[in-house]
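**Q** Build me a structure from this.
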Amino acid sequence: MYTIKKSPKKRLTPVRGRKARIARFKKILFAAAAAAFLVLAALGLNKLSAVLFEISGPEWARWRIKEIKITGATPEARYEVLKYVGFDTGDHITARDAANLEDMLQSSLKQFSDISVRRGWFDGQLKIKVKEQTPLARIITEDKTFLLAPSGAFFADDGREAAAALLPVYVKDKGKSDFLPQELVKLIKALGNAGGIDGGQRVSAAALDMGAKTFSLQLGEDTAFADMGGFADYARKTARLGQVIREARARGLRQPYDINFNYYEDGKIYLKQSI
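**A** Have a look, this model is predicted:
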């Protein structure tokens with residue numbers, strides 16, 4: 001009968017102990033590096049650097065406002081922007097503060113587009129750039145007048161002289177929304193073009209009933225009133241409206257006309273003289 005004797009545990013010599021400690025340290029270092037890599041991948045190197053700088057950066061290195069510079073707007077518009085800037089010279093501004101200010105300006109000041117807020121690291125300027133919207137039409141509701149931005153948003157009618165020449169659009173039952181879908185924005189933009197209807201027949205006013213989803217047009221001062229029916233297929237309807245007016249002229253019908261497109265889907269358009 002044979003027995004297996006257990007070998008006595010070997011004690012680590014000083015050299016072997018040091019190697020073991022180095023191996024454990026390398027493992028810990030590798031794990032820390034892997035964790036740091038995951039954090040960098042999640043946050044992004046730039047964002048992490050900004051966070052670390054804001055948290056641990058020395059007081060002398062923190063960014064402070066020397067000047068607030070607003071560009072791309074009239075003096076009156078710059079004043080409107082400045083009312084939303086809750087900072088003053090000497091204030092410490094973080095990257096998050098600048099981003100929050102940009103978001104607030106974009107949501108509050110619909111009369112501007114392409115709003116950006118940046119910190120100038122070399123000149124200490126808080127740089128706010130805005131671009132004034134080019135309105136497409138004047139939106140007239142039951143109790144207020146707005147201007148229409150290309151995005152579909154309504155913004156305050158500030159009495160600018162150019163707005164007087166814009167197409168007036170009377171909006172009924174708009175509810176709480178101060179916004180039009182892009183389909184209607186395209187319609188209004190087409191109606192406001194110089195060509196208008198019938199290759200030169202000017203649209204003097206338009207009306208949108210948001211509840212019934214219908215629209216109507218006034219052409220010229222006394223040419224025709226057109227009840228265009230539903231919003232759907234507006235492009236074909238407006239093109240057909242021009243043809244109807246040309247046919248009425250060819251027949252010698254006296255203006256003004258009342259034109260009804262409510263039965264357009266059934267292939268019928270009704271025209272009668274208003275007087």
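**Q** so how far is P150 from the closest residue to E67 other than its chain neighbours?
**A** Closest residue to E67 apart from its sequence neighbours, by Cβ to Cβ, 6 or more residues apart in numbering: Q125 at 4.9 Å. All C-beta spots, glycine's among them, are computed from the backbone N, C-alpha and C. For Q125, the distance to P150 equals 30 Å [Cβ to Cβ, to the nearest Å].
**Q** hang on, the earlier thing: residues near the residue nearest to E67, how many?
**A** Other residues near Q125 come to 15 when the count uses other Cβ atoms under 10 Å.
**Q** Could you pull up phi and psi at it?
**A** phi -90, psi 130 (degrees, to the nearest 10).
**Q** Quick one: residues contacting it.
**A** By Cβ atoms under 8 Å, 6 or more residues apart in numbering, the contact list for Q125 reads 65-69, 119.
**Q** switch the cut-off to 7 Å
**A** By Cβ atoms under 7 Å, 6 or more residues apart in numbering, Q125 lies in contact with 66-67, 69.
**Q** Could you save those as CSV and add columns showing neighbour count?
**A** Shown next, in CSV, are the contacts of Q125 (neighbours: other Cβ atoms under 10 Å):
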residue, neighbour count
K66, 13
E67, 11
K69, 14
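**Q** Any chance of these in JSON lines with pLDDT and distance to V244 as columns?
**A** As requested, the contacts of Q125 are exported to JSON lines (pLDDT from 0 to 100; distance: Cβ to Cβ, whole Å):
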{"residue": "K66", "pLDDT": "92", "distance to V244": "65"}
{"residue": "E67", "pLDDT": "93", "distance to V244": "61"}
{"residue": "K69", "pLDDT": "93", "distance to V244": "55"}
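**Q** Okay, and which of those map to strands?
**A** 67, 69 (DSSP state E).
**Q** As a check, name the ranges of all strands in the stretch 1-150 of the chain.
**A** Ranges of strands within the stretch 1-150 of the chain are 67-71, 112-119, 125-132, 137-140, 145-148, based on DSSP state E, counting those that start in this stretch.
**Q** Let me have the ones you listed in TSV, adding distance to L219 as columns.
**A** Output for the strands of the stretch 1-150 of the chain, formatted as TSV (distance: least, Cβ to Cβ, whole Å):
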stretch	distance to L219
strand 67-71	42
strand 112-119	32
strand 125-132	31
strand 137-140	16
strand 145-148	20
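**Q** Quick one, which of the ones you listed gets closest to A248.
**A** Proximity to A248, assessed across the strands of the stretch 1-150 of the chain by Cβ to Cβ, is greatest for strand 137-140 (27.1 Å).
**Q** Please give the centre-to-centre distance between the closest one and its chain.
**A** 19 Å (Cα atoms, centre = their mean, to the nearest Å).
**Q** before we move on, what about stretch 108-127?
**A** With Cα atoms, centre = their mean, you get 16 Å for stretch 108-127.
**Q** Quick one: end-to-end distance for that stretch.
**A** Its first and final residues considered, stretch 108-127 spans 18 Å by Cα to Cα, to the nearest Å.
**Q** And for stretch 228-237?
**A** Note: stretch 228-237 ends 7 Å apart using Cα to Cα.
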